[in-house]
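Novice: sequence first, then the predicted structure, then my questions.
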Protein chains: 2
Amino acid sequence: MTEIQNNWPTGIKRTKQRESVLSILEEAEKPLSAMDICSKMGKSGDTAWLSTVYRILELFLKKGIVLKTNIMNSDMAVYELNRFKHKHYAVCINCHKILTMDNCPMEKFIPKLEDEDFYVMGHNLEIFGFCKDCKSH
Amino acid sequence: MTEIQNNWPTGIKRTKQRESVLSILEEAEKPLSAMDICSKMGKSGDTAWLSTVYRILELFLKKGIVLKTNIMNSDMAVYELNRFKHKHYAVCINCHKILTMDNCPMEKFIPKLEDEDFYVMGHNLEIFGFCKDCKSH
DNA sequence: ATGTAAATGCATATTATTCGCATCTTGTCT
DNA sequence: AGACAAGATGCGAATAATATGCATTTACAT
């Protein structure tokens, strides 16, 4: 029995599919697309229709449980658990490898914005370029 | 005769449609979607098929003339002229108003990343929250 | 245990974006 | 200037991600 199953978010009906999506996101080390999640579910025995996964992700998004991003403006959104700590990614233009950045350059910047008539709820930052392996073309 | 028409980018065949897309982007104060551009073309007399606009934007993107972004993970990409100076946006969650940020918090941060086996080509930063008018719900 | 509101399975719709191909333009070479 | 080749556009149709509708099933409060 995982921690998730003990701390089920309040106000959300508990179903096999939702538990499964949540634990897949828990274990993921990088953001996953709806289809990624769907196929991972297939492997672990539980299955869910793709549209159901979308509906679950939409719910989780509204509840603030997951974050949705469009990495490198690809045509597919990816989702990750909202761990309530900053995490940003550096994406390699060539091999699409995703590196995680540990510190956030925004921390000192955001408060300044607050003075300027904008109440900041969050931000996305994406760095793109070439990773170590792809540096030399 | 506008400045654009005098400084046409090299290596790109000059057509009515391309000139039109470029001057619409020149005059735009915020990023535009392909459809936005298409309808603006209709108004100014020139017209172009939507697929043509997409093809033009794709070309401009490859040539580094425009930047493509997905604001607030909407399902529609928006394009803006690459003015070769940093510009980031703060997007209001409620009314989707877009505020332009003049300074970039990344400037001091990026060189640090360079040391860490990643060659940075560029970045996207998006701040979301509530603007002045929407602050009080 | 039962009833009800809500979730899922499944198929089908929607929407942004891309592709194919015939026709038309642009820029080049003479 | 005229003609040609490379490439651009018009237009329609294809693709792919995501959303929706509805009948059936499930979770949970009573």
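Specialist: Done, it's in.

Novice: distance of residue A:67 from residue B:27?
Specialist: Distance of residue A:67 to residue B:27, given as CB to CB, to the nearest Å: 35 Å. Every residue, glycine included, has its C-beta placed from N, CA and C.

Novice: ok but residue A:36 is inside a helix, no?
Specialist: Yes: assessed with DSSP: H, G, I helix; E, B strand; the rest coil, residue A:36 lies in a helix.

Novice: residues contacting it?
Specialist: residue A:78 (CB atoms under 8 Å, 6 or more residues apart in numbering or on different chains).

Novice: next, the buried residues of the helix or strand hosting residue A:42.
Specialist: Following DSSP states H and E, one finds residue A:42 within helix A:34-43. For helix A:34-43, burial by neighbour count (16 or more other CB atoms under 10 Å in any protein chain shown) applies to A:34, A:36-38, A:40-41.

Novice: touching, residue A:73 and residue B:77? I think so.
Specialist: Yes: Residue A:73 is in contact with residue B:77 according to CB atoms under 8 Å; the separation is 6.1 Å.

Novice: between the two, what contacts are shared?
Specialist: Contact with both residue A:73 and residue B:77 is made by residues B:68-70, according to CB under 8 Å, 6+ apart.

Novice: buried members of these into ChimeraX, please.
Specialist: Restricted to buried positions by 16+ other CB under 10 Å, the ChimeraX selection for those reads:
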select /B:68,69,70
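
Novice: closest to chain A out of the shared contacts of residue A:73 and residue B:77?
Specialist: Lowest distance from chain A to the shared contacts of residue A:73 and residue B:77 (CB to the nearest CB) belongs to residue B:70, with 4.2 Å.

Novice: out of the helices and strands in chain A, which is least certain?
Specialist: Lowest on mean pLDDT, DSSP states H and E among the helices and strands of chain A sits helix A:3-6, with a mean of 53.

Novice: so residue A:73 and residue B:77 - more neighbours on which side?
Specialist: The neighbour count for residue A:73 versus residue B:77, taken as other CB atoms under 10 Å in any protein chain shown, is higher for residue B:77 (18 against 15).

Novice: got a list of what the more buried one touches?
Specialist: Residue B:77 neighbours (CB under 8 Å, 6+ apart): A:73, B:33-34, B:68-70.

Novice: sitting in strands, which of the shared contacts of residue A:73 and residue B:77 do you find?
Specialist: The strands, defined by DSSP state E, take in B:68-69 from the shared contacts of residue A:73 and residue B:77.

Novice: in CSV: the shared contacts of residue A:73 and residue B:77, plus pLDDT.
Specialist: Formatted as CSV, these follow (pLDDT from 0 to 100):
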residue, pLDDT
B:68, 87
B:69, 84
B:70, 80
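
Novice: now, which of the shared contacts of residue A:73 and residue B:77 lie close to DNA strand D?
Specialist: Restricting those to those within reach of DNA strand D (CB under 7 Å from any atom of the strand) leaves nothing.
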